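J.: Pasting a predicted model and its sequence here:
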Amino acid sequence: MATAVLTTLDPNSRSAARGMSDLTIRNLFIIPTIVFLIVFNIFPLIYSLGYSFTDFRASSPAAANFVGLQNYRELLNDPFIWSNFAITAKYVIVSVVGQVIVGFGVALLLNRDIPLKGLLTTLLLLPMMLSMAVVGLFWKLLYDPSFGIINYTLGLGSFEWLSNPDMALYAVAITDIWMWSPFVMLLSLAGLSAVPKHLYEAAAIDRAGSFYTFFRITLPLVAPILMIAIIFRTMEAFKTFDLAYILTSQPTTEVISIRLYKMAFQEWQTGRSCALAYIVLIMILAITNIYVKYLNKVKER
Amino acid sequence: MAHIQLKNISKTFGNHTALTGLNLDIADGEFFVLLGETGAGKTTTLRMIAGLEKPDEGQIFIDGADVADWGAAERDVALVLQQYSLYPRYTVRENLEFPLKPKIRRIEPDEIKTRVDRVARTLRIEHLLDRKTDRLSGGEMQRVSIGRAIVRKPRVFLMDEPLSALDAKLREALRTELKNIQMNLGQTFLFVTHDQIEAMSMGDKVGVLNHGRIVQTGTPYEIYNNPRDTYVASFVGSPPMNLIDGKLVNGRAVMAPLNFELPFAGGAKTSGATDGRPLVFGIRPEDVYLESGAPVEARVHDVENHGVEKILTLRIGDAMLRATVPARTDVEIEQPVRFAWDPDKVVLFDKGSGISLRHAG
């Protein structure tokens, strides 16, 4: 099997002269990556599964005791954890819905013959390419109640975006929408430009209005690719840490990964945080699975 | 029902001139076929009537009204495209319902059902109504697409080579069906094609388009028997009309540079057919016949057997001439034969302009 995939090494090449076979060269390229993956991803994943059944604390020299499912039981019965989940859910919904509306809307605007379309698209993609930390820091300045440009432009006086407990989560979500709408836009644009032009012409001939055309032709055809964008963004939003952590430290913005971070590296409840990490992992897997099922259904239609 | 007029239409795409000074008049209830080669501007003409394209110059009238500012919806036309343009993800029924559903039309659900069912019956696609469009064959798709056009009684039907993607058998069947539909509805049809057989068999009138200009408009009979110029003569008809250079000398057609003569005495007198004027003689292959005592000798270069008839390619010197003969004619390749023509059927074209002398006068 493996040899069939490989192309034969040129017998006159330098590598051949050094006595290396195709197989050796393949291994040279692949093995470091696999080792890296195992050491930094697979091993911790399995190791933390083990820890999640113990009361291990990385800060104390005490040996870990096996406690069975106690960590899980306690976590799932902890109303504070559930409130973290509730915050996360609210954040995911607000930010993903926002990104889809803004991203798809901009894609619709861009999906026509306009001058400088390429340049415009590239510029719109910029937020996506910035580092989370940088975005967090400069939005913190933008939101600043006394000299922030947002309050100045909107004429809101000294409205407190980040220190207002009711507003802070929305402020984080707005930043996330700003940063990731371009991603939804990019995928939607690909989907929109794949809709054959003659279908729109046929619809125009059939005297369909623009709303009717949009809901009966555009949307069904773009739905699968839009769905993929939504899957990616939901997963990412669920795991959000950086933005919320940098922008604000309100209890109302304590999404699940911040709770996890605090539990693991501030309270040093290593075993318990491993259990929480697994609960989050299972939840993301479950949500993604639902989406993928739905995606397949959309594709089949 | 509509009367369509195109006046002096011009259209360019970038450097490419699609149409120049196009004039067209399509009477109410007429089956008009626009015939031309690929790139002649047929589709552009159609799209302009439909309102999908705007002319650079000229005016389009539907029932006397200038429709320059009308969108596709207001023009109330139906368009059947070569690529079917069925709405994906919907069933055949949903596709047929589509033109009836938009709010501006407001049709009762019962009425929609009746009309869809009637159209399905006409096109014999009743058994496909609940099938998704991507599970249809080419012919079925094209039927649905025609159905979507006739389901809502537009003023004009525009068809852009709807049959060209289909196989021969199906094309023939749908040709007859379309013609029947048109006769039953009594509607104006504008049908675009590059296939002269379609044009001849379906059209009440045919317009031949060449490089963005209408060369000739007329009934299929006129186009075939009295082509306006050598382009029409060679484009319409299969095999095409034979075109031979020569001149008239004392009532005889003297071919030059080819060296042979044919009698032209008693042939259709045409003004301008003076002796010595450089001409092109046009003769349909079926008006060339083989006879033992005929004036010119040729050799059989090729034989195409079409069942009911044979198409012979005759070689006279370096020139080739086509002749249609009955299938029972017994000829072999390289066999010497003698041939003559029917002088009454000869069409004379001016050598320089290529225009038929009958039309020039």
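T.: That came through, no problem.
J.: ok, for A:K140, nearest residue in space, not its chain neighbours?
T.: Leaving aside its chain neighbours, A:K140 sits nearest to A:L247 (5.7 Å; criterion: C-beta to C-beta, 6 or more residues apart in numbering or on different chains). Bear in mind the C-beta positions are built from the backbone N, C-alpha and C, glycine included.
J.: just B:L174 next, same as before
T.: Leaving aside its chain neighbours, B:L174 sits nearest to B:L163 (5.6 Å; criterion: C-beta to C-beta, 6+ apart).
J.: ok, the most centrally placed residue in chain A - contacts?
T.: Compute the mean C-alpha point of chain A, and by C-alpha atoms, centre = their mean the closest residue is A:E236, 1.8 Å away. A:E236 makes contact with A:W180, according to C-beta atoms under 8 Å, 6 or more residues apart in numbering or on different chains.
J.: quick one: average confidence on the helix or strand hosting it?
T.: When elements are assigned from DSSP states H and E, A:E236 belongs to helix A:219-238. Taken as a whole, helix A:219-238 has an average pLDDT of 91.
J.: quick one: buried residues of it?
T.: Buried residues in helix A:219-238, defined by neighbour count with 16 or more other C-beta atoms under 10 Å in any protein chain shown: A:220-227, A:229-238.
J.: where's whichever helix or strand comes after it relative to the chain centroid, distance-wise?
T.: Moving toward the C-terminus from helix A:219-238, the next helix or strand (DSSP H and E) is helix A:242-247. Once both centres are worked out by C-alpha atoms, centre = their mean, to the nearest Å, helix A:242-247 turns out to sit 14 Å from its chain's centre.
J.: Can you name the residues in contact with helix A:242-247?
T.: Against helix A:242-247 from outside (C-beta under 8 Å, 6+ apart): A:91, A:132-133, A:135-137, A:139-140, A:143, A:162, A:168, A:171-172, A:175-176, A:179, A:253-255, A:258, A:261.
J.: next one: stretch B:343-358
T.: By C-beta under 8 Å, 6+ apart, stretch B:343-358 touches B:225-231, B:233, B:241, B:243, B:245, B:253, B:262-268, B:270-273, B:277-284, B:287, B:360.
J.: I'd like to know which of those residues are buried.
T.: By neighbour count, with 16+ other C-beta under 10 Å, the contacts of stretch B:343-358 hold B:226-231, B:233, B:241, B:243, B:253, B:262, B:264, B:267, B:273, B:279-284, B:287 as buried.
J.: Now the element after the host helix or strand of B:L243, going C-ward?
T.: B:L243 belongs to strand B:242-249 when assigned by DSSP H and E. Of the helices and strands lying after strand B:242-249 in sequence (DSSP H and E), the nearest is strand B:252-255.
J.: mind listing what that following strand pairs with, with the direction of each?
T.: Sheet pairing here is set by DSSP bridges, and for strand B:252-255 it gives strand B:242-249 (antiparallel), strand B:260-263 (antiparallel).
J.: Starting from the last one, tell me the next helix or strand along the chain.
T.: What it means is strand B:260-263. Scanning onward from strand B:260-263 (DSSP H and E), the first element met is strand B:279-283.
J.: by how many degrees do that next one and strand B:242-249 diverge?
T.: Using axes from the mean of the first three to the mean of the last three C-alpha atoms, to 10 degrees, the inter-axis angle of strand B:279-283 relative to strand B:242-249 is 130 degrees.
J.: contact partners of strand B:279-283?
T.: Against strand B:279-283 from outside (C-beta under 8 Å, 6+ apart): B:227, B:230, B:233, B:241-248, B:253, B:255, B:273, B:341-342, B:345-351, B:354, B:356-357.
J.: What parts of the stretch 1-150 of chain B come near chain A?
T.: B:50-52, B:71-73, B:76-79, B:81, B:83, B:85, B:87-89, B:98-99, B:101-105, B:148 (C-beta under 8 Å from any C-beta of the partner chain).
J.: So among those, which ones count as buried?
T.: B:50-52, B:72-73, B:76-79, B:81, B:83, B:85, B:87-89, B:98-99, B:101-102, B:148.
J.: Tell me which entries of these lie within helices.
T.: Within those, residues falling in helices by DSSP state H are B:50, B:72-73, B:148.
J.: low-scoring stretches of chain A, by residue?
T.: The model of chain A has pLDDT under 70 over residues A:1-9, A:301.
J.: Quick check: can you list the domain ranges of it?
T.: The record's domain parsing of chain A by automatic domain parsing lists A:10-51, A:72-300.
J.: Spatially nearest residue to B:R47 (excluding sequence neighbours)?
T.: B:E53 is the one closest to B:R47 (C-beta to C-beta, 6+ apart), at 4.2 Å.
J.: wouldn't that neighbour be in contact with B:K11 here?
T.: Yes - at 7.1 Å, B:E53 and B:K11 qualify as touching, with contact defined as C-beta atoms under 8 Å.
J.: shared neighbours of the two, anything?
T.: By C-beta under 8 Å, 6+ apart, B:E53 and B:K11 have these common neighbours: B:T44.
J.: The two - which one has more neighbours?
T.: Between B:E53 and B:K11, counting by other C-beta atoms under 10 Å in any protein chain shown, B:K11 is the more crowded of the two (22 against 17).
J.: just the helices in the stretch 1-150 of chain A please.
T.: A:2-5, A:14-17, A:22-37, A:43-51, A:70-76, A:79-110, A:117-129, A:132-143, A:149-154 (DSSP state H, counting those that start in this stretch).
J.: So which of those helices is nearest B:D330?
T.: Among the helices of the stretch 1-150 of chain A, the nearest to B:D330 by C-beta to C-beta is helix A:2-5 (62.1 Å).
J.: who's in contact with B:V337?
T.: B:290, B:297-300, B:312, B:314, B:331.
J.: pLDDT of the helix or strand hosting it, averaged?
T.: B:V337 belongs to strand B:336-341 when assigned by DSSP H and E. The average pLDDT within strand B:336-341 is 89.
J.: Now the next helix or strand along the chain from it - C-alpha only, CSV.
T.: Using DSSP H and E, the helix or strand that follows strand B:336-341 towards the C-terminus is strand B:347-350. Provided in CSV are the C-alpha atoms of strand B:347-350 (Å, rounded to 0.1, in the frame of the first residue of the first chain):
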residue,chain,number,x,y,z
VAL,B,347,-30.5,31.5,-58.6
LEU,B,348,-28.1,34.1,-59.9
PHE,B,349,-26.0,36.1,-57.5
ASP,B,350,-23.8,39.1,-58.2
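J.: No further questions, thank you.
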